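*Asks:* Take this sequence and fold it.
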Amino acid sequence: MIEVAISGLRHIADVIALLRDVPGECDPIVVIRRFMADLRSALAANPARGPEVAHWLYQLATSGDLPEEHFGQEAYALEDWFALASSGTYGTYADALRHLEAYLERHAWRH
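*Replies:* Modelled structure (predicted):
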């Protein structure tokens, strides 16, 4: 329990694994949604972290820790928006950021 309490800087998948060892019920979907709310706050404070956040969401999706039935398939493409914008192929950084913000808005936990 103490390890879970001090795991604020750990990767979400690591926290989920720790929570699975705690007796009682844990809903990993709620954990991810709450973390997405934190990501929204971090992104609002520092929009330059957009590509990093998009990459993290992609990694969660490809590892199976971001179930499509709850979070859709868009997480696979968010990082691409930033890559296309930075290469000048399609869209702008602001467009990519809007896509990311909209995704987090739809899926983040709300109080």
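
*Asks:* so where is this protein shaky, pLDDT-wise?
*Replies:* 1-7, 111 (pLDDT under 70).

*Asks:* Could I get the full set of helices for it?
*Replies:* With DSSP state H as the criterion, the chain has helices at 2-5, 12-20, 28-45, 50-62, 68-71, 75-87, 93-107.

*Asks:* Redo those as a markdown table? Include mean neighbour count.
*Replies:* Where C-beta positions appear, they are placed from N, C-alpha and C, glycine not excepted. Output for the helices of the chain, formatted as a markdown table (neighbours: other C-beta atoms under 10 Å):
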| stretch | mean neighbour count |
| --- | --- |
| helix 2-5 | 10 |
| helix 12-20 | 16 |
| helix 28-45 | 16 |
| helix 50-62 | 19 |
| helix 68-71 | 12 |
| helix 75-87 | 18 |
| helix 93-107 | 17 |
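
*Asks:* Please state the offset of stretch 67-84 from the chain centre?
*Replies:* 10 Å (C-alpha atoms, centre = their mean, to the nearest Å).

*Asks:* got a list of what the spatially most central residue of the chain touches?
*Replies:* Computing the C-alpha centroid of the chain and ranking residues by C-alpha atoms, centre = their mean puts Leu57 first, at 4.3 Å. The contact partners of Leu57, taken as C-beta atoms under 8 Å, 6 or more residues apart in numbering, are 66, 75, 78-79, 103.

*Asks:* One more pass at 10 Å, please.
*Replies:* Contact partners of Leu57, counting by C-beta atoms under 10 Å, 6 or more residues apart in numbering, are 32, 36, 39, 66, 71, 74-79, 100, 103-104, 107.

*Asks:* same thing with His107?
*Replies:* 29, 32-33, 36-37, 39-40, 57, 66, 70-72, 74-75.
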